[in-house]
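>>> I would like to see how this sequence folds:
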Amino acid sequence: MDATEEITLFELADPEILVRLEKIPSIKILFFKIFLLSLVRPSTLKDTAVLSKARVVFTGVKPDKEIIHRYQRVCGFSTLDNTLPASYIQTLFIGLLGKFITTSHFPINPMGLIQVGQSFELKRAVTIDQTLDLSCRLHGFTKTPKGIRTQFFLEALAGKEVVWQGISTFFTRSKIKASRENRPRTEEDPFLETKETLFVPRDTGRKYARVSGDYNPHHLYGFTARLLGFKHPIAHGMWSFARVMASMENAFGTHYPLSADAAFKLPIFMPATITLGYEPVKMPAEQNHPNKTRINFELRDTKKGLPHLKGQFAFTAEP
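Okay, here's the model as predicted:
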(Lines give C-alpha, C1' and ligand atoms only; values in the text may rest on other atoms or scores of the structure.)
Protein backbone atom coordinates (compact mmCIF):
# COMPACT_ATOMS: atom_id res chain seq x y z
CA MET A 1 0.00 0.00 0.00
CA ASP A 2 1.34 3.44 -0.93
CA ALA A 3 2.18 5.36 2.26
CA THR A 4 0.88 8.59 0.75
CA GLU A 5 -2.61 7.38 -0.14
CA GLU A 6 -5.55 8.45 2.00
CA ILE A 7 -6.88 5.77 4.35
CA THR A 8 -10.24 5.78 6.15
CA LEU A 9 -10.66 3.43 9.12
CA PHE A 10 -14.30 2.74 9.97
CA GLU A 11 -15.57 2.50 13.54
CA LEU A 12 -17.42 -0.51 14.92
CA ALA A 13 -20.25 0.60 17.21
CA ASP A 14 -20.88 -0.93 20.65
CA PRO A 15 -22.55 -3.03 21.91
CA GLU A 16 -21.61 -6.25 20.15
CA ILE A 17 -24.50 -7.91 18.31
CA LEU A 18 -24.51 -11.70 18.61
CA VAL A 19 -26.00 -13.73 15.75
CA ARG A 20 -26.38 -17.42 16.60
CA LEU A 21 -26.87 -19.90 13.77
CA GLU A 22 -28.81 -23.12 14.18
CA LYS A 23 -27.54 -24.34 10.82
CA ILE A 24 -25.49 -23.08 7.89
CA PRO A 25 -27.61 -22.11 4.85
CA SER A 26 -27.02 -24.11 1.68
CA ILE A 27 -24.50 -22.72 -0.78
CA LYS A 28 -27.28 -22.25 -3.38
CA ILE A 29 -29.32 -20.07 -0.99
CA LEU A 30 -26.25 -18.04 -0.05
CA PHE A 31 -25.31 -17.43 -3.69
CA PHE A 32 -28.88 -16.39 -4.47
CA LYS A 33 -28.86 -13.88 -1.59
CA ILE A 34 -25.44 -12.58 -2.61
CA PHE A 35 -26.69 -12.02 -6.15
CA LEU A 36 -29.79 -10.15 -4.96
CA LEU A 37 -27.77 -8.00 -2.55
CA SER A 38 -25.27 -7.17 -5.29
CA LEU A 39 -28.09 -5.33 -7.09
CA VAL A 40 -28.79 -2.97 -4.20
CA ARG A 41 -25.69 -2.65 -2.03
CA PRO A 42 -22.94 -0.12 -2.83
CA SER A 43 -19.31 -1.00 -3.49
CA THR A 44 -18.06 1.73 -1.16
CA LEU A 45 -19.12 3.76 1.89
CA LYS A 46 -19.09 7.34 3.06
CA ASP A 47 -16.12 8.15 5.26
CA THR A 48 -18.45 8.91 8.18
CA ALA A 49 -20.16 5.49 8.16
CA VAL A 50 -20.26 3.54 11.44
CA LEU A 51 -20.56 -0.25 11.25
CA SER A 52 -22.24 -2.73 13.55
CA LYS A 53 -19.99 -4.75 15.83
CA ALA A 54 -21.49 -8.12 14.97
CA ARG A 55 -20.35 -11.66 15.73
CA VAL A 56 -21.78 -14.74 13.98
CA VAL A 57 -21.55 -17.94 16.03
CA PHE A 58 -22.11 -21.57 15.05
CA THR A 59 -21.62 -24.23 17.71
CA GLY A 60 -21.38 -28.00 17.82
CA VAL A 61 -19.39 -28.54 14.61
CA LYS A 62 -18.20 -32.13 14.17
CA PRO A 63 -15.58 -32.62 11.43
CA ASP A 64 -16.22 -35.43 8.96
CA LYS A 65 -13.43 -38.02 8.73
CA GLU A 66 -14.04 -38.87 5.07
CA ILE A 67 -14.05 -35.22 3.98
CA ILE A 68 -10.86 -34.56 5.96
CA HIS A 69 -9.07 -37.44 4.25
CA ARG A 70 -10.28 -36.27 0.83
CA TYR A 71 -9.10 -32.75 1.68
CA GLN A 72 -5.67 -34.10 2.64
CA ARG A 73 -5.40 -35.88 -0.71
CA VAL A 74 -6.61 -32.92 -2.78
CA CYS A 75 -4.15 -30.56 -1.07
CA GLY A 76 -1.14 -32.88 -1.19
CA PHE A 77 -0.73 -33.94 2.44
CA SER A 78 1.26 -37.17 2.54
CA THR A 79 -0.26 -38.40 5.82
CA LEU A 80 -3.93 -39.30 6.01
CA ASP A 81 -4.84 -39.23 9.70
CA ASN A 82 -7.50 -37.95 12.05
CA THR A 83 -5.71 -34.68 12.82
CA LEU A 84 -7.18 -31.59 11.18
CA PRO A 85 -4.70 -29.60 9.04
CA ALA A 86 -4.56 -25.96 10.14
CA SER A 87 -5.67 -24.87 6.66
CA TYR A 88 -8.65 -27.25 6.76
CA ILE A 89 -10.08 -25.53 9.85
CA GLN A 90 -10.38 -22.35 7.76
CA THR A 91 -12.84 -24.15 5.45
CA LEU A 92 -15.23 -24.67 8.37
CA PHE A 93 -15.85 -20.91 8.34
CA ILE A 94 -16.90 -20.58 4.69
CA GLY A 95 -20.59 -20.91 5.56
CA LEU A 96 -20.25 -18.44 8.44
CA LEU A 97 -18.54 -15.90 6.20
CA GLY A 98 -21.26 -16.38 3.58
CA LYS A 99 -23.94 -15.85 6.20
CA PHE A 100 -22.16 -12.78 7.64
CA ILE A 101 -21.87 -10.93 4.34
CA THR A 102 -25.58 -11.50 3.61
CA THR A 103 -26.75 -10.02 6.94
CA SER A 104 -27.66 -6.36 7.41
CA HIS A 105 -24.45 -5.98 9.46
CA PHE A 106 -22.31 -6.11 6.30
CA PRO A 107 -22.88 -2.86 4.36
CA ILE A 108 -21.26 -3.32 0.95
CA ASN A 109 -21.75 -5.47 -2.14
CA PRO A 110 -20.84 -9.06 -1.16
CA MET A 111 -20.31 -10.02 -4.80
CA GLY A 112 -17.28 -7.74 -5.03
CA LEU A 113 -15.26 -9.45 -2.28
CA ILE A 114 -11.96 -10.94 -3.45
CA GLN A 115 -9.87 -12.84 -0.91
CA VAL A 116 -6.34 -11.43 -0.91
CA GLY A 117 -4.88 -12.97 2.24
CA GLN A 118 -5.21 -15.43 5.08
CA SER A 119 -3.37 -15.94 8.35
CA PHE A 120 -3.91 -18.49 11.08
CA GLU A 121 -2.44 -19.94 14.24
CA LEU A 122 -3.05 -23.53 15.32
CA LYS A 123 -2.31 -23.71 19.04
CA ARG A 124 -2.41 -27.50 19.40
CA ALA A 125 -3.44 -30.62 17.52
CA VAL A 126 -7.20 -30.88 16.81
CA THR A 127 -8.70 -34.28 16.03
CA ILE A 128 -11.96 -35.31 14.39
CA ASP A 129 -13.44 -36.55 17.65
CA GLN A 130 -13.51 -33.00 19.02
CA THR A 131 -16.57 -30.78 18.70
CA LEU A 132 -15.78 -27.19 17.73
CA ASP A 133 -17.57 -23.90 18.33
CA LEU A 134 -16.92 -21.29 15.63
CA SER A 135 -17.23 -17.51 15.63
CA CYS A 136 -16.71 -14.86 12.96
CA ARG A 137 -16.58 -11.08 13.43
CA LEU A 138 -15.35 -8.01 11.61
CA HIS A 139 -11.72 -7.31 12.47
CA GLY A 140 -11.05 -4.28 10.31
CA PHE A 141 -12.72 -2.22 7.61
CA THR A 142 -10.62 0.37 5.76
CA LYS A 143 -11.03 2.42 2.59
CA THR A 144 -8.39 3.71 0.18
CA PRO A 145 -8.72 5.21 -3.30
CA LYS A 146 -8.19 1.69 -4.67
CA GLY A 147 -11.09 0.15 -2.76
CA ILE A 148 -12.19 -1.31 0.57
CA ARG A 149 -10.19 -3.80 2.61
CA THR A 150 -12.26 -6.06 4.89
CA GLN A 151 -10.84 -8.38 7.53
CA PHE A 152 -12.74 -11.05 9.45
CA PHE A 153 -11.46 -12.52 12.71
CA LEU A 154 -12.17 -16.25 12.93
CA GLU A 155 -11.93 -18.37 16.07
CA ALA A 156 -12.42 -22.07 16.82
CA LEU A 157 -12.89 -23.35 20.36
CA ALA A 158 -12.93 -26.85 21.82
CA GLY A 159 -14.99 -26.35 24.96
CA LYS A 160 -13.66 -23.10 26.42
CA GLU A 161 -10.20 -23.53 24.90
CA VAL A 162 -9.23 -21.49 21.83
CA VAL A 163 -7.46 -23.97 19.54
CA TRP A 164 -7.31 -22.01 16.26
CA GLN A 165 -7.47 -18.34 15.26
CA GLY A 166 -7.30 -16.74 11.85
CA ILE A 167 -7.80 -13.54 9.88
CA SER A 168 -9.34 -13.63 6.39
CA THR A 169 -8.61 -10.54 4.31
CA PHE A 170 -10.78 -9.47 1.36
CA PHE A 171 -10.65 -6.54 -1.04
CA THR A 172 -13.43 -4.76 -2.95
CA ARG A 173 -12.06 -2.76 -5.87
CA SER A 174 -13.07 0.84 -6.36
CA LYS A 175 -14.95 1.59 -9.57
CA ILE A 176 -12.71 4.62 -10.05
CA LYS A 177 -9.54 3.49 -11.78
CA ALA A 178 -6.30 5.11 -10.68
CA SER A 179 -4.28 6.75 -13.43
CA ARG A 180 -1.10 4.98 -14.45
CA GLU A 181 0.91 8.11 -13.64
CA ASN A 182 -0.07 7.88 -9.97
CA ARG A 183 0.59 4.18 -9.58
CA PRO A 184 3.69 3.49 -7.47
CA ARG A 185 6.43 1.42 -9.07
CA THR A 186 6.94 -1.97 -7.51
CA GLU A 187 10.40 -3.42 -7.07
CA GLU A 188 11.06 -7.00 -8.10
CA ASP A 189 11.25 -9.36 -5.13
CA PRO A 190 14.21 -11.74 -5.14
CA PHE A 191 13.26 -15.31 -6.00
CA LEU A 192 13.42 -17.88 -3.22
CA GLU A 193 15.20 -21.17 -3.85
CA THR A 194 12.91 -23.50 -5.81
CA LYS A 195 12.15 -26.71 -3.91
CA GLU A 196 9.30 -28.23 -5.93
CA THR A 197 7.61 -27.96 -9.31
CA LEU A 198 3.86 -28.56 -9.05
CA PHE A 199 1.27 -29.32 -11.72
CA VAL A 200 -2.23 -27.96 -11.09
CA PRO A 201 -4.82 -29.97 -13.09
CA ARG A 202 -7.81 -28.22 -14.63
CA ASP A 203 -10.25 -29.92 -12.25
CA THR A 204 -8.43 -28.85 -9.08
CA GLY A 205 -11.03 -26.17 -8.40
CA ARG A 206 -13.89 -28.64 -8.52
CA LYS A 207 -12.07 -31.15 -6.32
CA TYR A 208 -11.24 -28.47 -3.75
CA ALA A 209 -14.81 -27.15 -3.81
CA ARG A 210 -16.15 -30.59 -2.87
CA VAL A 211 -13.96 -30.80 0.24
CA SER A 212 -14.09 -27.14 1.29
CA GLY A 213 -17.61 -26.01 0.35
CA ASP A 214 -16.22 -23.05 -1.61
CA TYR A 215 -18.14 -23.24 -4.89
CA ASN A 216 -17.36 -19.80 -6.29
CA PRO A 217 -18.02 -20.15 -10.06
CA HIS A 218 -14.67 -18.80 -11.27
CA HIS A 219 -12.95 -21.88 -9.76
CA LEU A 220 -15.08 -24.53 -11.42
CA TYR A 221 -15.42 -24.49 -15.24
CA GLY A 222 -14.27 -22.44 -18.19
CA PHE A 223 -17.73 -21.06 -18.97
CA THR A 224 -18.48 -20.12 -15.32
CA ALA A 225 -15.09 -18.44 -15.05
CA ARG A 226 -15.74 -16.41 -18.21
CA LEU A 227 -19.05 -15.19 -16.77
CA LEU A 228 -16.99 -13.47 -14.07
CA GLY A 229 -14.34 -12.11 -16.43
CA PHE A 230 -11.65 -14.81 -16.26
CA LYS A 231 -10.35 -16.51 -19.40
CA HIS A 232 -9.88 -19.85 -17.60
CA PRO A 233 -10.92 -21.25 -14.20
CA ILE A 234 -8.56 -20.15 -11.42
CA ALA A 235 -7.34 -22.13 -8.43
CA HIS A 236 -8.66 -21.23 -4.99
CA GLY A 237 -6.21 -19.10 -3.05
CA MET A 238 -6.79 -21.34 -0.04
CA TRP A 239 -6.00 -24.46 -2.09
CA SER A 240 -2.67 -22.84 -3.02
CA PHE A 241 -2.03 -22.01 0.63
CA ALA A 242 -2.97 -25.51 1.78
CA ARG A 243 -0.71 -27.05 -0.89
CA VAL A 244 2.20 -25.04 0.49
CA MET A 245 1.34 -26.10 4.04
CA ALA A 246 1.39 -29.74 2.93
CA SER A 247 4.92 -29.26 1.57
CA MET A 248 5.98 -27.50 4.77
CA GLU A 249 4.72 -30.46 6.78
CA ASN A 250 6.50 -32.92 4.48
CA ALA A 251 9.76 -30.97 4.77
CA PHE A 252 9.77 -29.97 8.46
CA GLY A 253 7.38 -32.39 10.15
CA THR A 254 4.31 -31.61 12.24
CA HIS A 255 4.74 -29.18 15.13
CA TYR A 256 2.45 -27.31 17.51
CA PRO A 257 1.88 -24.49 17.89
CA LEU A 258 2.29 -23.34 14.29
CA SER A 259 1.35 -20.18 12.42
CA ALA A 260 1.24 -19.12 8.79
CA ASP A 261 0.41 -15.99 6.84
CA ALA A 262 -0.06 -15.70 3.07
CA ALA A 263 -0.88 -12.97 0.57
CA PHE A 264 -2.69 -14.08 -2.58
CA LYS A 265 -1.12 -12.41 -5.62
CA LEU A 266 -1.82 -13.24 -9.28
CA PRO A 267 -4.39 -15.96 -10.06
CA ILE A 268 -3.35 -19.46 -11.12
CA PHE A 269 -5.16 -20.22 -14.39
CA MET A 270 -5.74 -23.97 -14.57
CA PRO A 271 -4.18 -26.14 -15.82
CA ALA A 272 -0.84 -24.72 -14.72
CA THR A 273 2.69 -25.60 -13.75
CA ILE A 274 4.05 -23.60 -10.82
CA THR A 275 7.11 -23.63 -8.59
CA LEU A 276 7.29 -23.64 -4.82
CA GLY A 277 10.24 -21.86 -3.27
CA TYR A 278 11.08 -21.49 0.38
CA GLU A 279 14.01 -20.44 2.56
CA PRO A 280 14.65 -19.92 6.29
CA VAL A 281 14.18 -16.34 7.49
CA LYS A 282 17.42 -14.61 8.47
CA MET A 283 16.71 -13.05 11.87
CA PRO A 284 18.91 -10.59 13.80
CA ALA A 285 20.94 -12.31 16.52
CA GLU A 286 19.00 -10.62 19.32
CA GLN A 287 15.70 -11.97 17.92
CA ASN A 288 16.85 -15.53 17.36
CA HIS A 289 15.21 -18.28 19.39
CA PRO A 290 16.96 -21.67 19.41
CA ASN A 291 13.73 -23.61 18.85
CA LYS A 292 11.87 -21.12 16.65
CA THR A 293 11.83 -21.76 12.90
CA ARG A 294 10.54 -19.22 10.37
CA ILE A 295 10.29 -20.01 6.66
CA ASN A 296 9.48 -17.61 3.81
CA PHE A 297 7.63 -19.27 0.93
CA GLU A 298 6.24 -18.41 -2.49
CA LEU A 299 4.46 -19.92 -5.48
CA ARG A 300 5.48 -18.62 -8.90
CA ASP A 301 4.57 -19.10 -12.54
CA THR A 302 7.14 -21.24 -14.33
CA LYS A 303 7.12 -19.23 -17.57
CA LYS A 304 7.54 -15.63 -16.37
CA GLY A 305 8.29 -16.10 -12.70
CA LEU A 306 5.27 -14.01 -11.67
CA PRO A 307 4.13 -14.52 -8.05
CA HIS A 308 0.90 -16.32 -7.18
CA LEU A 309 1.32 -16.48 -3.41
CA LYS A 310 3.86 -15.23 -0.86
CA GLY A 311 4.01 -15.76 2.87
CA GLN A 312 5.70 -17.07 5.99
CA PHE A 313 5.40 -20.25 8.06
CA ALA A 314 6.58 -20.52 11.66
CA PHE A 315 6.70 -23.17 14.38
CA THR A 316 8.45 -23.86 17.66
CA ALA A 317 10.17 -27.25 17.83
CA GLU A 318 10.36 -29.11 21.11
CA PRO A 319 13.83 -28.77 22.71
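>>> what are the phi and psi angles of the nearest residue to Pro280 once chain neighbours are set aside?
Closest residue in space to Pro280, ignoring its immediate chain neighbours: Ile295 at 5.9 Å, by CB to CB, 6 or more residues apart in numbering. Where you see a C-beta, it was placed from the backbone N, CA and C, and this is true even at glycine. The phi/psi pair for Ile295 (degrees, to the nearest 10) reads phi -130, psi 120.
>>> what's the neighbour count on the residue lying closest to Pro267 once chain neighbours are set aside?
When the adjacent residues along the chain are set aside, Pro267 lies closest to Ile234, with 4.0 Å between them (CB to CB, 6+ apart). Neighbouring residues of Ile234 were enumerated by other CB atoms under 10 Å; the total is 24.
>>> so Ile234 touches Arg202, yeah?
No: contact criterion CB atoms under 8 Å: Ile234 and Arg202 do not qualify, at 11.0 Å.
>>> Need the overlap of contacts for the two.
With contacts taken as CB atoms under 8 Å, 6 or more residues apart in numbering, the residues that reach both Ile234 and Arg202 are Met270.
>>> what about stretch 224-238, how long is it end to end?
Start and end residues of stretch 224-238 are separated by 19 Å (CA to CA, to the nearest Å).
>>> any weak-confidence spans in this structure?
Flagging of the chain using pLDDT under 70 yields the residue ranges 1-5, 176-188, 283-290, 318-319.
>>> 80 - rerun?
Low-confidence segments of the chain (pLDDT under 80): 1-5, 174-189, 282-291, 317-319.
>>> Run through the bridge partners of the most centrally placed residue in the chain.
For the chain, the residue nearest the mean C-alpha position is Gln118 (3.7 Å; CA atoms, centre = their mean). Beta-bridge pairing of Gln118, defined through DSSP bridges, involves Ser168, Ala262.
>>> Now do the contacts for it.
Applying CB under 8 Å, 6+ apart, one finds that Gln118 lies in contact with Gln90, Gly166, Ile167, Ser168, Thr169, Gly237, Met238, Phe241, Asp261, Ala262, Phe264.
>>> What distance do you get for it to Ile89?
11 Å (CB to CB, to the nearest Å).
>>> Now do the shared contacts for these two.
Contact criterion CB under 8 Å, 6+ apart; residues bridging Gln118 and Ile89 by contacting each: Gly166.
>>> quick revisit: looking at the contacts of Gln118, which one is closest to Gly112?
The shortest distance between Gly112 and any of these, using CB to CB, involves Thr169 and amounts to 14.3 Å.
>>> measure stretch 253-272 end to end?
Start-to-end span of stretch 253-272 (CA to CA) is 27 Å.
>>> can I see the domain layout of this protein?
Domain assignment for the chain by automatic domain parsing gives 1-185, 188-319.
>>> Strands of the protein, residue ranges please.
Using DSSP state E, the strands of the chain run over residues 8-9, 11-21, 50-61, 114-122, 132-144, 147-158, 161-173, 194-200, 258-264, 272-280, 292-301, 307-316.
>>> and those strands as a markdown table, adding distance to Val74?
Written out in a markdown table, the entries for these read as follows (distance: least, CB to CB, whole Å):
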| stretch | distance to Val74 |
| --- | --- |
| strand 8-9 | 38 |
| strand 11-21 | 27 |
| strand 50-61 | 20 |
| strand 114-122 | 17 |
| strand 132-144 | 21 |
| strand 147-158 | 21 |
| strand 161-173 | 20 |
| strand 194-200 | 11 |
| strand 258-264 | 18 |
| strand 272-280 | 16 |
| strand 292-301 | 16 |
| strand 307-316 | 17 |
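>>> Go through those strands and name the closest to Phe230.
With CB to CB, the closest approach to Phe230 among the strands of the chain belongs to strand 114-122: 11.7 Å.
>>> Can you give me the neighbour number for the residue nearest to Thr293 when sequence neighbours are not counted?
In this structure, Thr293 finds its nearest non-sequential neighbour in Phe315, 5.7 Å apart by CB to CB, 6+ apart. As a burial measure, the neighbour count of Phe315 was computed by other CB under 10 Å and equals 21.
>>> go on, Ser87?
Applying the criterion other CB under 10 Å, we find 25 residues in the vicinity of Ser87.
>>> That one touches His236, doesn't it?
No: in this structure Ser87 lies outside contact range of His236 using CB under 8 Å: 10.9 Å.
>>> how near is the nearest residue to Ser119 once chain neighbours are set aside to Phe141?
For Ser119, the nearest residue in space outside its immediate sequence neighbours is Asp261; the separation is 4.0 Å by CB to CB, 6+ apart. Asp261 sits 20 Å away from Phe141 when distances are taken as CB to CB.
>>> Equivalent analysis for Leu9, please.
The gap separating Leu9 from Phe141 is 8 Å, by CB to CB.
>>> Equivalent analysis for Ser26, please.
Distance of Ser26 to Phe141, given as CB to CB: 28 Å.
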